[in-house]
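Peer 1: structure for the following, please:
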Amino acid sequence: MWECKNTLEEGKFKYRRHLVRERNSKIIKLAKIKFKKEIGKLYCEVCGFDFEKTYGKIGTDFIEGHHNIGVSELKENQKTRIEDISLVCSNCHKMLHRRKPWLTVEELKEFIKQ
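Peer 2: Numbering: from 1, shown residues only. Below you'll find the predicted structure:
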């Protein structure tokens, strides 16, 4: 039978070796600049959450960038366009990646409407 403990060990060092696809953080920065220039502020394209409105100055210009075409699906050296990035809050970003195949921004918007 599983015994519930109040404490569990964490923080051990572990060596890992993985082949991973590189992301280019510049595309997210460019998407944020374009969005802010066009709209005037950054907010979640799914639910409308505005970090600055909720958290004040510390939330200014904070938002996550979501690759609408998953980096894992890209061919080597494939170019990503600014239009391939959606700006989303942390919760919506997690929900977009919660299951495979990933939800689209439009599909997640529909979940919220229900």
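Peer 1: quick check, pLDDT for G70.
Peer 2: At G70, the model reports a pLDDT of 76.
Peer 1: that one: how many residues sit nearby?
Peer 2: When neighbours are counted by other C-beta atoms under 10 Å, G70 registers 14. The C-beta positions use only the backbone N, C-alpha and C, and glycine is treated the same way.
Peer 1: shouldn't it be in contact with P101?
Peer 2: No - using C-beta atoms under 8 Å as the test, G70 is too far from P101 to be in contact (9.1 Å).
Peer 1: what about E64, neighbour count?
Peer 2: Neighbours of E64 (other C-beta under 10 Å): 19.
Peer 1: what of I28?
Peer 2: The number of residues near I28, taken as other C-beta under 10 Å, comes to 19.
Peer 1: where does this structure dip in pLDDT?
Peer 2: 1-2, 4 (pLDDT under 70).
Peer 1: can you give me the helices in it?
Peer 2: With DSSP state H as the criterion, the chain has helices at 25-39, 51-55, 90-96, 105-113.
Peer 1: quick one: contacts for the closest residue to C44 other than its chain neighbours?
Peer 2: Distances taken as C-beta to C-beta, 6 or more residues apart in numbering place C89 nearest to C44, at 3.9 Å, with adjacent residues excluded. Taking C-beta atoms under 8 Å, 6 or more residues apart in numbering, we find C89 in contact with 44, 46-47, 49, 51, 63-64.
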